Structures are given as structure tokens and as C-alpha cells.
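**Q** The amino acid sequence is not available; the structure is as follows:
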């Protein structure tokens, strides 16, 4: 990966995990001086056009990340061509992406948590049906993986 890389974060509905990843990563990449194209999307069309879940936005804001400008969208067929890396939040979304992805772009689709070094999990858990602690845990995991991804980008 190199400067100018286009990165897409993906969860199921694009209202909790992937918009949080987009917001956290955008803030941290800018602080690191990286010029990147960053976006997020969902594998399902449940929430198209909606802002991030208020709980995600609130917990992110408490750590200094703004999500208010984002609106949910579904992964589009041309995303696999437009983005250099497509990062899934969990195995279910990874499998959904791989089924939809043309063979020549499958190398771009990965789990976001591959870049984490402190969390001890290979997925970002879905906080939607849980309590407030789940949204903080999501932020912890995303910050960890974001730091790892930034380190990789700085090396290239």
C-alpha cells in the first residue's frame, strides 16, 4: 500500500462499525500526514441514507472522532475496482464481500483486524444489540487496527 491508497471499511449495515472505522482512521491518517481516500459501506441495504447509529456517534465523539457527515450506503460493484483495500469487520461480511467480488480483485478484500496488535481478536464485534460497553470495545479494536494499518502505510 502507498500514499493515495483508497480504503473502504465494511460492516453489515454501515451504521456502527464501518462508519466508526472510517471516522477513526480518517482522523488518525490525517494526523499522520497520509493522503488517502477513505470511505465506508455496508454489505446490506438496511440503512441506506441514514446517519451512523447515535450510540456509535456519541462514543466516537467522546474520543474526538466526528461521524456526523457520514451516511450509510451499500457496497457497490465498482467499489472492488475503485478501492485498493476493502476491509471487512468480521468473517460474515468478509465472506459476503468475497462472494460479490470479481476474481481479479479478491486480493484486496481482507479483515480489518489483521492490522491489530493489541486486541487479541480477528474481528470487530457488532455492538448493535448490546450495551454501551460494546461501543467502547469497538473503538478500542478500531483504534488498534487503525494504528497498525497506518504503520503499514508508512512503510510503503
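**A** Alright, I've got the coordinates. Just so we're clear, the structure is a prediction, and the values are computed from it rather than from any experiment.
**Q** who's in contact with the longest helix along the chain?
**A** The helix spanning the most residues in the chain, taking DSSP state H as the definition, is helix 132-155. In this structure, residues lying in contact with helix 132-155 by C-beta atoms under 8 Å, 6 or more residues apart in numbering are 1-3, 5, 7, 16-17, 20-21, 24-25, 28-29, 32, 34, 36, 55-56, 58-60, 63, 87, 112-119, 121, 124-125, 127. Every C-beta, even on glycine, is put in place using the N, C-alpha and C of the backbone.
**Q** rerun at 6 Å
**A** The set of residues that contact helix 132-155 without belonging to it, under C-beta atoms under 6 Å, 6 or more residues apart in numbering, is 1, 17, 20-21, 24-25, 28, 32, 34, 55, 59, 63, 112-113, 115-119, 124, 127.
**Q** quick one: buried residues of it?
**A** Of the residues in helix 132-155, those buried under the neighbour-count criterion (16 or more other C-beta atoms under 10 Å) are 134-135, 137-150, 153.
**Q** Stretch 22-40 too?
**A** In stretch 22-40, counting by 16+ other C-beta under 10 Å, buried: 22-29, 34, 36, 38-40.
**Q** Please flag which of these sit within strands.
**A** With DSSP state E as the criterion, strands contain 38, 39, 40 from among those.
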